[in-house]
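> missing the sequence, but the structure's below:
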């Protein structure tokens with residue numbers, strides 16, 4: 001971005017999972033547009049690196065956070081109240097993926113995926129609502145996944161958690177529309193990040209390698225540019241990915257039976 005966007009300029013935007021990948025790319029895009037950012041993740045050193053790379057770096061607040069810790073979330077929100085006073089957008093980006101067949105996945109791994117990708121997200125959002133609604137409305141953005149629309153092999157519990165997040169967002173949108181809250185859900189396809197390296201295998205350990213599809217996917221910067229553009233257009237259902245992912249998202253709405261056949265024949269890991 002070469003010019004600041006007046007629709008974002010001086011907006012206070014909280015991004016979770018901001019220490020790398022999509023979160024870092026969104027931070028760069030929004031900072032370039034003049035937003036004042038709150039950056040959260042578990043790795044403080046990486047947050048400091050990201051902040052140092054941003055436009056107007058001194059204006060952005062670091063709030064290190066494990067989103068699965070409800071007490072830490074409350075403390076983070078109190079910090080935001082004290083140091084900034086308000087919140088315009090919340091971008092729920094933190095999450096973890098999966099690369100394991102259903103028959104190879106333990107129930108503990110299932111629960112960990114849901115804890116990070118669903119329960120932590122909705123808990124943080126619920127706790128942040130008073131700040132978001134204080135000035136007559138705000139925006140909540142959930143980073144779901146195309147996998148949460150279609151369900152694919154090796155991502156059973158991840159797909160389920162991302163689908164649950166999508167439907168919870170729908171309910172939130174309906175319930176708080178009259179109070180001025182806007183709720184958007186973004187469904188990324190493959191994006192070139194470390195998501196597959198960090199993905200959980202059946203026993204809960206990290207995969208620790210890059211998927212071919214991930215390695216050849218769009219960059220996080222390309223994703224962030226498309227995402228912010230769509231959000232500024234007021235879109236609330238946003239699919240961003242390659243042709244195959246966008247086609248699958250479309251087919252899932254038009255013909256679920258055809259989608260099931262497509263998924264069964266697809267080669268994914």
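Sure, I can see it. Please read all numbers here as calculations on a predicted model, not as lab measurements.

> burial of the nearest residue to residue 115 once chain neighbours are set aside, as a residue count?
By the measure of CB to CB, 6 or more residues apart in numbering, the closest residue to residue 115 outside its immediate chain neighbours is residue 68, 5.6 Å from it. Bear in mind the C-beta positions are built from the backbone N, C-alpha and C, glycine included. By the measure other CB atoms under 10 Å, the count of residues near residue 68 is 17.

> please report how far residue 68 lies from residue 42.
To residue 42, residue 68 is 10 Å away according to CB to CB, to the nearest Å.

> re earlier: so what's the residue nearest to residue 115 up against?
Taking CB atoms under 8 Å, 6 or more residues apart in numbering as the contact definition, residue 68 lies against 115, 116, 119, 120.

> please report how far it lies from residue 80.
Residue 68 sits at a distance of 19 Å from residue 80 (criterion: CB to CB).

> residues of the worst-scoring helix or strand of the chain on mean pLDDT that come out buried?
When the helices and strands of the chain are scored by mean pLDDT, DSSP states H and E, helix 212-215 comes last with a mean of 80. For helix 212-215, burial by neighbour count (16 or more other CB atoms under 10 Å) applies to 213, 214.

> go on, stretch 23-39?
Of the residues in stretch 23-39, those buried under the neighbour-count criterion (16+ other CB under 10 Å) are 23-39.

> stretch 41-61 too?
Neighbour counts over stretch 41-61 (16+ other CB under 10 Å) mark 41, 42, 46, 47, 50, 51, 54, 55, 60, 61 as buried.

> can you list which of those are found in strands?
Counting by DSSP state E, the members of the buried residues of stretch 41-61 that fall within strands are residue 61.

> nearest to residue 141, of the buried residues of stretch 41-61?
Distances from the buried residues of stretch 41-61 to residue 141 were compared by CB to CB; the smallest belongs to residue 41, at 16.4 Å.

> beta-bridge partners for the closest residue to residue 201 other than its chain neighbours, please?
Using CB to CB, 6+ apart and skipping residues adjacent in sequence, the residue nearest residue 201 is residue 100, 4.9 Å away. In this entry, residue 100 is beta-bridged to residue 155, by DSSP bridges.

> just to check, residue 100 is in contact with residue 202?
Yes - Residue 100 is in contact with residue 202 according to CB atoms under 8 Å; the separation is 3.8 Å.

> what sits in contact with each of those two?
Overlap of the contact sets of residue 100 and residue 202 (by CB under 8 Å, 6+ apart) consists of residue 109.

> what stretches of this protein score poorly on pLDDT?
When residues are selected by pLDDT under 70, those of the chain lie in 1-4.

> all helices for it, in order.
21-32, 44-52, 70-83, 107-114, 120-133, 147-150, 156-176, 195-198, 212-215, 220-232, 243-254, 256-265 (DSSP state H).

> tell me how far the first one lies from the chain's centre.
Remark: helix 21-32 is offset 12 Å from the chain centroid, using CA atoms, centre = their mean, to the nearest Å.

> list the helices and strands it packs on?
strand 12-16, strand 36-40, helix 220-232 (3 or more CB pairs under 8 Å, 6 or more residues apart in numbering; DSSP states H and E).

> which other helices and strands does the second one contact?
Counting by 3+ CB pairs under 8 Å, 6+ apart, the packing neighbours recorded for strand 36-40 are strand 12-16, helix 21-32, helix 44-52, strand 61-62.

> could you redo the last one with a cut-off of 6 Å?
strand 12-16 (3 or more CB pairs under 6 Å, 6 or more residues apart in numbering; DSSP states H and E).

> and the strand it packs on with helix 120-133, angle?
For strand 12-16 and helix 120-133, the angle between their directions (axes from the mean of the first three to the mean of the last three CA atoms, to 10 degrees) works out to 170 degrees.

> relative orientation of the lengthiest strand in the chain and helix 220-232 in degrees?
Looking across the chain with DSSP E, the single longest strand is strand 181-188. Note on geometry: by the same axes, to 10 degrees, strand 181-188 and helix 220-232 are set 150 degrees apart in direction.
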